[in-house]
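Visitor: Got a sequence here, can you model it:
(2 chains)
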Protein chains: 2
Amino acid sequence: MTLRLYTRWQNSAGERVRIALNLKAIGYQYVAVDTLGSAAYAEINPQGLMPALEADGAVITQSSAILDFLETTFPDRPLLPDDPVLRAQSLAFGAIIASEMHALTVNRVRKQLLSMAPDADAARWVRHWLGLGFASLEALLQRRARRFDYCYGDTPGWADLHLVPQVSAARRLGVALDPYRLVLDIDARCSALEAFAQARPDAQPDFPG
Amino acid sequence: MTLRLYTRWQNSAGERVRIALNLKAIGYQYVAVDTLGSAAYAEINPQGLMPALEADGAVITQSSAILDFLETTFPDRPLLPDDPVLRAQSLAFGAIIASEMHALTVNRVRKQLLSMAPDADAARWVRHWLGLGFASLEALLQRRARRFDYCYGDTPGWADLHLVPQVSAARRLGVALDPYRLVLDIDARCSALEAFAQARPDAQPDFPG
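Guide: Sure thing, here's the model as predicted:
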């Protein structure tokens, strides 16, 4: 299967997919959307959002759908635990990050906030939602039936590949992470792995020097 | 398996799960969170958000994780197509609604917007995100390889159960839906079905008279 991932170095949802591809050792072609041009990309994804995965000509958008597609199509080295409850907890952890943290604080939302409310404090908006989100994630990690090396298993998977790019974004946006000890432990353990390191923004071919 | 769904009549993400349970003909106990009390609910889900599903004592949060759990545990009457690309397109359609429409316009976000930017026009904020979202959904429906009766199949499923509560919310919030003909067609077709009708806010036991 020929896979093309449309992303860019700073694309946080794309970083999730890059980690998944690395964890599963699946080869793919990296297409930098900025190099491609936005008109050409509109042919791929009219929404203009990243990432998109082209798999033998079919285009799949939305990182959670792409991740599920990879998990379904390449079942080796699974991202999700077999146990149905742990599987659901992993998915819920990812959904909190995707829908309640990233979705509310991503660049286009901050821009829209400032365009509609020029006096709004965008940094405070970001701190509010990321603070709530990390507190939820830390509480979920504390409530696990047993402590794993990673979020929901002794190998990294679905929850971890959501966590690491969100922790990086929070650091970039100046959010204090000290209270979230389990989050920080897992982030450090993941960041030491090649699959995560090679998915980082500064390891991408379009990273500006 | 004993299933308890913690929700309330107005809980739009909970309506998705109610539709899924109805489509799969799975019996469950409806627990109205307002009747239960927020302290008791904090024991179930410390985040306080709805819905949560209790399945033989294990608690699962986040509607997308609950829906996947139901699909995995009760594979009969599947919500997702077998074809991997249609499956991914269904999931992407649901993710746009969950992460880019609902997540940005839900009550707690509108309240936060007004608390940080008292002069902000919350109605305009809602129209902006829901307008962008519905335009994307309509474009995706237009790009399908063939026209199905429902979003991605000739029986209703994952994408449809996300769409219907979001269309209701948009109507309630005064968003004009006339430009989205395929969305409106599918919404009307779904709304005529018992599985959708019985999941509606006004059909819930805690609906106020």
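Visitor: And chain A, what are its domain boundaries?
Guide: Chain A is divided into the following domains under automatic domain parsing: A:3-77+A:196-203, A:84-194.
Visitor: got JSON lines for the ones you listed, with mean pLDDT too?
Guide: As requested, the domains of chain A are exported to JSON lines (pLDDT from 0 to 100):
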{"stretch": "domain A:3-77+A:196-203", "mean pLDDT": "96"}
{"stretch": "domain A:84-194", "mean pLDDT": "96"}
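Visitor: mind listing what residue A:33 touches?
Guide: Residues near residue A:33 by CB atoms under 8 Å, 6 or more residues apart in numbering or on different chains: A:6, A:7, A:8, A:11, A:41, A:50. C-betas here are computed from N, CA, C, even on glycine.
Visitor: wait, doesn't the fourth one sit right on residue A:50?
Guide: Yes: between residue A:11 and residue A:50 a contact is recorded at 4.5 Å, counting by CB atoms under 8 Å.
Visitor: one step back: so which of the domains of chain A is nearest residue B:175?
Guide: Closest to residue B:175 of these is domain A:84-194 (CB to CB; 16.1 Å).
Visitor: Tell me how far residue A:104 lies from residue A:127.
Guide: 12 Å (CB to CB, to the nearest Å).
Visitor: which of these two has more neighbours?
Guide: residue A:104 (22 against 17; other CB atoms under 10 Å in any protein chain shown).
Visitor: nearest spatial neighbour of that one, skipping sequence neighbours?
Guide: Closest residue to residue A:104 apart from its sequence neighbours, by CB to CB, 6 or more residues apart in numbering or on different chains: residue A:129 at 4.4 Å.
Visitor: A helix includes that neighbour, no?
Guide: Yes: assessed by DSSP: H, G, I helix; E, B strand; the rest coil, residue A:129 belongs to a helix.
Visitor: Let me see the contact set for the residue in chain A that chain B sits nearest to.
Guide: Closest residue of chain A to chain B, CB to the nearest CB: residue A:117 (3.4 Å). The contact partners of residue A:117, by CB under 8 Å, 6+ apart, come to B:113, B:116, B:117, B:119, B:120.
Visitor: So which of these wins on neighbours?
Guide: Most neighbours among the contacts of residue A:117, by other CB under 10 Å: residue B:113, with 22 neighbours.
Visitor: for it, phi and psi?
Guide: Dihedral pair for residue B:113: phi -60, psi -50, per degrees, to the nearest 10.
Visitor: swap in residue A:42?
Guide: In terms of degrees, to the nearest 10, the main-chain angles of residue A:42 are phi -60, psi -30.
Visitor: Leaving out the residues flanking it, which one is nearest to it?
Guide: Closest residue to residue A:42 apart from its sequence neighbours, by CB to CB, 6+ apart: residue A:48 at 6.3 Å.
Visitor: now do residue A:137
Guide: Spatial nearest neighbour of residue A:137, excluding adjacent residues (CB to CB, 6+ apart): residue A:183 at 5.8 Å.
Visitor: which residues touch that neighbour?
Guide: Contact analysis of residue A:183 by CB under 8 Å, 6+ apart lists A:134, A:137, A:138, A:141, A:163, A:167, A:177.
Visitor: Can you verify residue A:104 is assigned to a helix?
Guide: Yes: judged by three-state DSSP, residue A:104 forms part of a helix.
Visitor: element containing residue A:35, please.
Guide: Taking DSSP states H and E as the definition, residue A:35 sits inside helix A:33-36.
Visitor: buried ones in that helix?
Guide: Buried residues in helix A:33-36, counting neighbours by 16 or more other CB atoms under 10 Å in any protein chain shown, are found at residue A:33.
Visitor: what distance separates it from the centre of its chain?
Guide: Put simply, helix A:33-36 sits 20 Å off its chain's centre (CA atoms, centre = their mean, to the nearest Å).
Visitor: hang on, the earlier thing: for the domains of chain A, which one sits closest to residue B:63?
Guide: Among the domains of chain A, the nearest to residue B:63 by CB to CB is domain A:84-194 (8.0 Å).
Visitor: quick one: terminal-to-terminal distance for the closest one?
Guide: Between the opening and closing residues of domain A:84-194 there is a gap of 28 Å (CA to CA, to the nearest Å).
Visitor: Now the residue in chain A sticking out farthest from the centre. Nearest residue, chain neighbours left out?
Guide: What lies farthest from the middle of chain A is residue A:119; by CA atoms, centre = their mean that is 29.9 Å. The shortest distance from residue A:119 to any residue other than its chain neighbours is 6.5 Å, reached at residue B:117 (CB to CB, 6+ apart).
Visitor: Return the residues in contact with residue A:162.
Guide: Contacts of residue A:162 by CB under 8 Å, 6+ apart are A:16, A:93, A:94, A:97, A:98.
Visitor: Of those residues, which is the nearest to residue A:83?
Guide: Proximity of the contacts of residue A:162 to residue A:83 was ranked by CB to CB; the top entry is residue A:93 with 14.4 Å.
Visitor: Run the angle between the one helix or strand the closest one maps to and helix B:84-95 for me.
Guide: Using DSSP H and E, residue A:93 sits in helix A:84-95. Here helix A:84-95 points in a direction 60 degrees away from that of helix B:84-95 (axes from the mean of the first three to the mean of the last three CA atoms, to 10 degrees).
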